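Undergrad: below is the structure, and that's it, no one-letter string:
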C-alpha cells in the first residue's frame, strides 16, 4: 500500500522541482482554505437563522474530527513526505504523524454533515469541492501523502454517520421523552393549582 501511496505522491506532489505558479496557488489553498470553510459555516449561521443550531452542531462535529485525527496521527505516527525526503515542505509544518490529514478530516466532516441537511446540501457540496482542492494542495506542497487525504475522508464518513445516528436518537427517542415529561409536569402543576 505504501508503494502506491509513494507513486501517487510522485505523480501529484511538487517534489523537488515545483512549477512556480502552481506552487503559489497550492500554497494559498493549503494555508487558507480551512478559513474559507469556517467563513462559509459562519455565513450559514448568520444568514440562515433557522439553520443556526445545525451549523453549531456541525462545528462540534468538526471539533470531534480534529481531535480524532490528531489522536490517530499521533498513534500511527506515519511520516510526512518532507520527512521522508520525497519533497521539501513548501509551507511551514511540523513533522508529527500525517495519517489522517486533520485538514481533510475536518473539512470533509463539515461538508458531509452539511450535505445531510437538505437546506444546507448545496453548501455541503461546495465545502466538499474545497476539501478536495485542499487535499490536492496539501499533497502538492509536500505535507501529506494522498492516502492521508483519503484517510481523512474515511474518518469524516465515520463521524458523519455517527452524527446522523445521534441526531436520529435525539429526534426519535430523547425529544419525545422530554416532551412527555414536560406534559406530565404541566399536568401535575395544573392539578396542584386547582
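TA: Arrived safely. Quick caveat: nothing in here was measured; it's all calculated off a predicted structure.
Undergrad: next, residue 31: phi, psi?
TA: Backbone torsions of residue 31, given as degrees, to the nearest 10, read phi -90, psi -20.
Undergrad: what confidence value was assigned to it?
TA: pLDDT, residue 31: 92.
Undergrad: number of nearby residues for it?
TA: Counted with other CB atoms under 10 Å, the neighbours of residue 31 add up to 17. To be clear about C-beta, it is placed using only N, CA and C from the backbone, and glycine gets the same treatment.
Undergrad: over to residue 162?
TA: The criterion is other CB under 10 Å. On that basis, residue 162 has 12 neighbouring residues.
Undergrad: tell me how far it lies from residue 84.
TA: Using CB to CB, to the nearest Å, we find residue 162 at a distance of 33 Å from residue 84.
Undergrad: next one: residue 10
TA: Applying CB to CB, the value for residue 10 to residue 84 is 11 Å.
Undergrad: same check on residue 111?
TA: Residue 111 is 29 Å from residue 84, by CB to CB.
Undergrad: so where does residue 28 fall, helix or strand?
TA: Secondary structure from DSSP states H and E places residue 28 in helix 20-47.
Undergrad: what is that helix packed up against?
TA: Packing partners of helix 20-47 (3 or more CB pairs under 8 Å, 6 or more residues apart in numbering; DSSP states H and E): helix 52-76, helix 102-116, helix 121-140.
Undergrad: so it versus helix 121-140, what angle?
TA: 150 degrees (axes from the mean of the first three to the mean of the last three CA atoms, to 10 degrees).
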